[in-house]
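Participant: structure here, sequence nowhere to be found:
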DNA sequence: TTGCTCACG
DNA sequence: GACGTACGTGAGCAAC
């Protein structure tokens, strides 16, 4: 029978939505604790479909319990499926009852999966069909007449949409699904073949059939896996094929709505406390129905929620966490915060990206165990009305900007940035628990709140994953139900306060560390935050051009390498390379990796290259090019913030055990400089119009610190006289007049100087210099004879580390070395080298941190437009308006050299240019 | 997720 | 006599 209306047939994959709604939505319950979240999800979705399409024919299809024909075909089918959670199982019956009572045609056909019922109905119907599903397998049903809508994501798929989403046409979806398999349903595909490979193969060979016919042409491991899979692929193909010819005793045209059973719906809605739906039935809402934190469809205005259910959420341990939903409650808290000597707070936001994050809520704590969460932008379906975000933040602004009101936080650098996104400049940063922990023990692996609570308060915090899930479906905080958000957020503020109460007395008992914390780490928070927000201008066009050039050169190298190896292989795989070099070509492996594989490390390949082998040379070139391309020229442009047009790194203040900063996303502390082609990347770091980049770096700072700490007369003299220290060292060690030091002697002396900073061995020096180990030992002995103070310092430091279990920087930053007592010689020696290196590396870090604070303060007070934009361990980079160049260059140099007074002069070199390369 | 490799100071 | 051997980071990739 031809379809005589223009309205489509709407088929709903109920089972697919049930699971997705269950996992995606917060676990809502009614007041009896019965879960209702999945029911809400499915019902809201049905409402939306009916509203969007106003169909005449519609059906909701669920899987029938029990086996289907697929289980007969393949006993392991869906064997990996976890059992249905009880919280979901309990929602099915009432959900089906409600759907039926609402008048939807409901189909549950035994022995057949919902997919097959939908496929058959779609096939039988003559007109347009809309299938509402979240299941990717359904894409195989799409054609000009049959389209998909994912009502949860809003994604609509016609044939072009399928191609866009999967990379293959609808008629190839079954081939595609067969190749990748389905771990959840336990349908075997081809090992190691995922969406990318499947699309690639299908593009190349056209069909699964053709791929199988040419299975012997596929190279490498995946080729083997393909051949292994040949036997089971036909079965997998059957399993992923949706049947479109199952016997049904109803025709699609018979699928029409029946009038709703109002009485039954009323009873069900009441039972599960669906308030808005009850209201929609036109009957009176019972007065005492508690709020279940659920539905509130757009437009349908519910009565304002009772706040009773949300407030004073408290547990048995005397913990009281309040949700602030009214102006009256907010006023009370504002007064308490204003009156408090200091308070802890934490922001909840939409994103981890500090440049883009928007505030969702703020939590406060004034005394241990008592905290409040102020939600401002939770916008999930059914979220209760909250105080207006902008108006409320305007009320908080005076408090947060008051330098006299002392704030305590965990990683306040982030909160400062988030507040700035709303025009609030956080002042009065008194304590940061992450930094307290770091200063007390920089060797702890992590200083995040969850770790600190477990370690010091013996308390397991609610993890974000527990309330938001993980992976690509992770919820953002605005989607979290207040019932869960309040305990989580309030706990953050509470725990921050309690951690501070734990750390602060310990810190106060340690004069040097306390000073370091208060005068360096805490003031640095705002400085780093400003640098991050300033960002760096990067020329994306220039990098894109470099990417292309690198690609071209890499392809040439790859071709030559295939020729040299007489076969094709993955140049980036150490394993394949090892096989070719050492097995196929029979080269002798100079050494092995710690795990016993023949090494393909750079120095090894260089050695082989030096022996005249072609392939290692090509590999080295390829590695260098690939690194530059993938890490820098390809990635950096992607990390430009579209709003600011600049890249904004993150500096981590509590990661490096020595006291250094680290940088990530992107890491701006490892931009190439050592090779010509690498330096071109620095040319893409540019100054804004009318500005120049100023780069100022400390010269030889770690060696100067070594001279200062050791007090060695000879070394101090060399620096005092402004000598080239490597040359001076060479003159001493080799007994040559300064003017006659050869290039080779200077190079050796430089290696010794660096080796000293790293706590070297004669072996390491020999390797570095490419000389005999005994010669290297002679150099070391000579050095120590000429610089006895250095020798003494090294011995004292090792001894001090053994006696105290830690070493210190000049400013008292401690680094613990428990391994210094180890019975294992390797472990112990490692700790000894760290003991030598950490005071020098750490003191240098302390010094540049002090300089950064001084420079930032000067820039702020001077009213200049210059911005500090990068720190690279011994270098600071500024973006300077041309008119300010002279002033800034002079003052930055003065502040950096004068950051501390040592027994040696500090020297700062600086350069200016249109880009970072030029500024060096 | 881990190990290797390689970019920086 | 053997062993492993220069400090500190972060990122991309292959392989599990």
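Facilitator: Received it, and whenever you're ready, just let me know what you need. If you're wondering where the values come from, they're calculated on a predicted model, not measured in any experiment. Residues are numbered from 1 along each chain as shown, chains lettered A, B, ... in the order given.
Participant: just the helices in the stretch 251-400 of chain A please.
Facilitator: Remark: helices assigned in the stretch 251-400 of chain A by DSSP state H, counting those that start in this stretch are A:262-272, A:275-280, A:327-339, A:389-401.
Participant: for the record, mean pLDDT for the shortest one?
Facilitator: Model confidence over helix A:275-280, given as mean pLDDT, is 77.
Participant: cool, stretch A:249-262 as well?
Facilitator: Taken as a whole, stretch A:249-262 has an average pLDDT of 87.
Participant: ranking the helices of the stretch 251-400 of chain A by mean pLDDT, which is last?
Facilitator: Among these, helix A:275-280 has the lowest mean pLDDT, at a mean of 77.
Participant: for the nearest residue to residue A:377 once chain neighbours are set aside, give me its contacts.
Facilitator: In this structure, residue A:377 finds its nearest non-sequential neighbour in residue A:360, 4.7 Å apart by C-beta to C-beta, 6 or more residues apart in numbering. Every C-beta, even on glycine, is put in place using the N, C-alpha and C of the backbone. With contact set as C-beta atoms under 8 Å, 6 or more residues apart in numbering, residue A:360 has these partners: A:348-350, A:375-378, A:476-478.
Participant: which one of those residues is nearest DNA strand B?
Facilitator: residue A:476 (20.2 Å; C-beta to the nearest atom of the strand).
Participant: could you pull up phi and psi at that closest one?
Facilitator: When read as degrees, to the nearest 10, the backbone of residue A:476 gives phi -90, psi 170.
Participant: so who does it touch?
Facilitator: A:350-351, A:360, A:468.
Participant: swap in 6 Å and give it another go.
Facilitator: Counting by C-beta atoms under 6 Å, 6 or more residues apart in numbering, residue A:476 touches residue A:350.
Participant: for it, give me the pLDDT.
Facilitator: Listed pLDDT for residue A:476 reads 91.
Participant: what do you get for residue A:622?
Facilitator: So residue A:622 comes in at 85 (pLDDT).
Participant: now the buried members of the contacts of residue A:360.
Facilitator: Buried residues within these, defined by neighbour count using 16 or more other C-beta atoms under 10 Å: A:348-350, A:375-378, A:476-478.
Participant: picking that back up, among the helices of the stretch 251-400 of chain A, which is the most enclosed?
Facilitator: Stretch with highest mean neighbour count among the helices of the stretch 251-400 of chain A: helix A:275-280 (a mean of 19; mean count of other C-beta atoms under 10 Å).
Participant: so how far is it off the chain centroid?
Facilitator: Mean-position distance between helix A:275-280 and its chain equals 42 Å (C-alpha atoms, centre = their mean, to the nearest Å).
Participant: can you check stretch A:876-883 too?
Facilitator: Put simply, stretch A:876-883 sits 31 Å off its chain's centre (C-alpha atoms, centre = their mean).
Participant: if you average pLDDT over that stretch, what comes out?
Facilitator: Mean per-residue pLDDT for stretch A:876-883: 97.
Participant: tell me the one of the contacts of residue A:360 nearest residue A:121?
Facilitator: Nearest to residue A:121 among those, counting by C-beta to C-beta, is residue A:476 at 36.9 Å.
Participant: what distance do you get for that closest one to residue A:94?
Facilitator: Here the criterion is C-beta to C-beta, to the nearest Å. By it, residue A:476 lies 30 Å from residue A:94.
Participant: give me the residue from chain A nearest DNA strand C.
Facilitator: At 2.1 Å from DNA strand C, residue A:755 is the closest residue in chain A, using C-beta to the nearest atom of the strand.
Participant: could you find the closest non-adjacent residue to that residue?
Facilitator: Once flanking residues are discounted, residue A:755 sits nearest to residue A:765: 4.9 Å by C-beta to C-beta, 6+ apart.
Participant: please see if the helix or strand where that neighbour lies touches DNA strand C.
Facilitator: Assigned by DSSP states H and E, residue A:765 belongs to helix A:762-769. Yes - in terms of C-beta under 7 Å from any atom of the strand, part of helix A:762-769 sits within range of DNA strand C, namely A:763-765, A:767-768.
Participant: got these as TSV, with pLDDT, distance to DNA strand B and neighbour count columns?
Facilitator: Formatted as TSV, these follow (pLDDT from 0 to 100; distance: C-beta to the nearest atom of the strand, whole Å; neighbours: other C-beta atoms under 10 Å):
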residue	pLDDT	distance to DNA strand B	neighbour count
A:763	86	18	11
A:764	86	13	16
A:765	88	16	24
A:767	82	15	15
A:768	83	12	18
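Participant: could you identify the most distant pair in those?
Facilitator: Within the residues of helix A:762-769 next to DNA strand C, A:763 and A:768 form the most distant pair, 9.7 Å apart (C-beta to C-beta).
Participant: and whichever strand or helix holds residue A:541, what does it pack against?
Facilitator: Secondary structure from DSSP H and E places residue A:541 in helix A:540-565. Counting contacts by 3 or more C-beta pairs under 6 Å, 6 or more residues apart in numbering; DSSP states H and E, helix A:540-565 packs against helix A:614-627, helix A:635-638.
Participant: so for residue A:916, which of those helices sits nearest?
Facilitator: helix A:635-638 (12.2 Å).
Participant: anything in stretch A:658-676 near DNA strand C?
Facilitator: Yes - counting by C-beta under 7 Å from any atom of the strand, DNA strand C is contacted by stretch A:658-676 at A:658, A:660, A:662-667, A:669-670.
Participant: next, the buried residues of that stretch.
Facilitator: Residues of stretch A:658-676 classed as buried by neighbour count (16+ other C-beta under 10 Å): A:658-661, A:663, A:666, A:668-669, A:671-672.
Participant: next step: those restricted to strands.
Facilitator: In strands, defined here by DSSP state E, the members of those are residue A:663.
Participant: so which pair among the buried residues of stretch A:658-676 is furthest apart in space?
Facilitator: Farthest-apart pair in these is A:659 and A:672; separation 25.3 Å (C-beta to C-beta).
Participant: can you list contacts of stretch A:635-649?
Facilitator: Outside of stretch A:635-649, the residues within contact range by C-beta under 6 Å, 6+ apart are A:355, A:532, A:535-538, A:540, A:543, A:663, A:666, A:668.
Participant: now residue A:425: phi and psi?
Facilitator: Residue A:425 adopts backbone torsions of phi -100, psi 110, taken as degrees, to the nearest 10.
Participant: er, residue A:187 actually
Facilitator: The phi/psi pair for residue A:187 (degrees, to the nearest 10) reads phi -90, psi 120.
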